[in-house]
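Participant: sequence and predicted structure, then a few things I'm wondering about:
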Amino acid sequence: MADVLLVYWSGTGNTEIMAEKIKEGLENAGMSVDYRTVDAVEPSEVSEFDKIVFGCPSMGVETLEEDEFEPFFEEVEGSLSGKKVALFGSYGWGEGEWMDAWETRTKDAGANLYETGLKVNSTPSSDEEDACVAFGEGFAKF
């Protein structure tokens with residue numbers, strides 16, 4: 001079994017770019033990664049992992065994507081206690097408040113949250129792509 005589950009949803013591809021770079025960082029640090037989009041993961045599978053990376057962009061009025069990701073996250077929240085969790089995603093407007101709320105939910109579920117959620121406005125620049133790789137490398141050591 002892989003060391004880390006990385007599960008994400010992406011609409012425009014920006015969060016997918018972040019996911020690929022975080023996966024690269026995790027692998028650079030020697031971790032094996034189970035890398036999947038949210039529609040390819042059963043919520044019951046999440047409990048099998050001690051380290052999980054969730055990625056979702058800000059949607060609507062600073063919320064998680066409502067059709068696939070939010071219902072999935074609601075279902076797995078109860079199994080995050082004691083897990084090491086990292087969060088990331090892109091946003092297109094506002095200040096990225098959705099991430100603050102998501103961090104609170106994750107900590108309230110009993111997870112050990114890695115740093116703060118990594119957020120990128122719009123398409124990641126090359127520096128932001130490097131930050132995603134570093135985020136993955138850091139989470140591997142967490």
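Facilitator: Yep, that arrived.
Participant: max-length strand in this protein?
Facilitator: Ranked by residue count, the top strand of the chain under DSSP state E comes out as strand 84-91.
Participant: list the buried residues for the very next helix or strand once past that one?
Facilitator: As assigned by DSSP states H and E, the chain's next helix or strand after strand 84-91 is helix 97-108. By neighbour count with 16 or more other CB atoms under 10 Å, helix 97-108 contains the buried residues Trp98, Met99, Trp102, Glu103, Arg105, Thr106. Every C-beta, even on glycine, is put in place using the N, C-alpha and C of the backbone.
Participant: could you work out the most separated pair of the residues you listed?
Facilitator: Trp98 and Thr106 (12.4 Å; CB to CB).
Participant: confirm Ala140 sits in a strand?
Facilitator: No. Counting by DSSP: H, G, I helix; E, B strand; the rest coil, Ala140 is not part of a strand but helix.
Participant: report the secondary structure state of the residue nearest the centre of the chain.
Facilitator: Nearest to the mean C-alpha position of the chain, counting by CA atoms, centre = their mean, stands Phe54 at 2.3 Å. Following three-state DSSP, we place Phe54 in the strand state.
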